[in-house]
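> coords please:
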Amino acid sequence: MRKIVFLFIILLSVTACDGVFDIHPYDVDFDGETGINAKNIAIIEERFRDVDTLKVAFISDTHLWLRETRDMVADINKKDVDFVVHCGDLTDTGTTDEFCWTRDILSDLNVPYVALIGNHDFLGTGDEVYSEMYGEMNFSFIADSIKFVCLNTNSTEYDYMAAVPDLDFIEEQMVSDTARFRRTIVVMHAQPGSDQFNNNVSKAFERYLWFLPGLMFCVSGHDHKVSQDDLYGDGLIYYRTDCAEHRNYYIFTITEGGYEYEVVYF
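Modelled structure (predicted):
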């Protein structure tokens, strides 16, 4: 009799939990838009093929600050920007739901955007979700004869066992599409010197960057603060973009004669 009661309790427990584990937080199956970067890059390259001035908003580290991210999107929509670059850490723990929540908020932007991968986006199966939702982890695009080289610099996520940053990819950017661009902007999640960057190759990384045509400046996120640093004393400025919680972002205005930037608070 006791065995029958025990088995009944087990059966009741299992049936009572039916559906609780139907969806795992790191399940890579999700609904909605995929391949976002490629779609928006096509729009950016067509729309800004030949313009006098380019205005770009750089944002980063939205994590799970969803209210602040909504407010930031609303603020950007009031500005006269051409497109947005997210420097990574779309999520906090890399879950599929977090990717979807952030994607749905960013979809309210009035302009196209692209997003890099951050170290938090690697957690669990986050890198798989990112690849499906956004695309390649190293990518580039051209707007108004400026190539934006977007790099995965999250070296510690690979235990330093992978080519991150990928110097071969950077080398490819030096020689590909050279008839279409004259200047270069480099974007990454973690800049040299940070805890995520493979600082064993940081000097080689800097040397490689200088071979990119018309190198202008670099932009990163990760450290949750605003800064402008000449890291190597060679004139190349690294701009760090703040997190959404601190309610600010960059707008760069790029002209034929150079560029200006402002930190926008919302």
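> contacts, neighbours, all on C-alpha from now
Fine.
> OK, contacts around M137?
By Cα atoms under 8 Å, 6 or more residues apart in numbering, the contact set of M137 is 116-117, 131, 151-152.
> Rank the helices and strands of this protein by mean pLDDT and give me the bottom one.
Sorting the helices and strands of the chain by mean pLDDT, DSSP states H and E puts helix 2-16 at the bottom, at a mean of 38.
> Packing partners of the next helix or strand after it?
Downstream of helix 2-16, the first helix or strand assigned by DSSP states H and E is helix 36-47. Helices and strands touching helix 36-47, by 3 or more Cα pairs under 8 Å, 6 or more residues apart in numbering; DSSP states H and E, are strand 113-115, strand 139-143.
> Tell me which of those strands is the most buried.
Ranked by mean neighbour count under mean count of other Cα atoms under 10 Å, those are led by strand 113-115, which reaches a mean of 24.
> That strand pairs with which strands?
Counting by DSSP bridges, the strands paired with strand 113-115 are strand 83-86 (parallel).
> residues making contact with the partner strand?
Residues external to strand 83-86 that are found in contact with it (Cα under 8 Å, 6+ apart): 44, 55-60, 111-116.
> would you list those in a markdown table and tack on pLDDT and distance to T184?
What follows is the contacts of strand 83-86, written out as a markdown table (pLDDT from 0 to 100; distance: Cα to Cα, whole Å):
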| residue | pLDDT | distance to T184 |
| --- | --- | --- |
| I44 | 98 | 16 |
| K55 | 98 | 15 |
| V56 | 98 | 14 |
| A57 | 99 | 16 |
| F58 | 99 | 16 |
| I59 | 99 | 19 |
| S60 | 98 | 20 |
| V111 | 98 | 21 |
| P112 | 98 | 20 |
| Y113 | 99 | 18 |
| V114 | 99 | 17 |
| A115 | 99 | 18 |
| L116 | 99 | 17 |
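> Just give the closest residue to the residue nearest the centre of the chain, not the sequence neighbours.
Central residue of the chain (Cα atoms, centre = their mean): L116, 2.2 Å from the mean position. Sequence neighbours aside, G88 is the residue nearest to L116 in space, at 4.7 Å (criterion: Cα to Cα, 6 or more residues apart in numbering).
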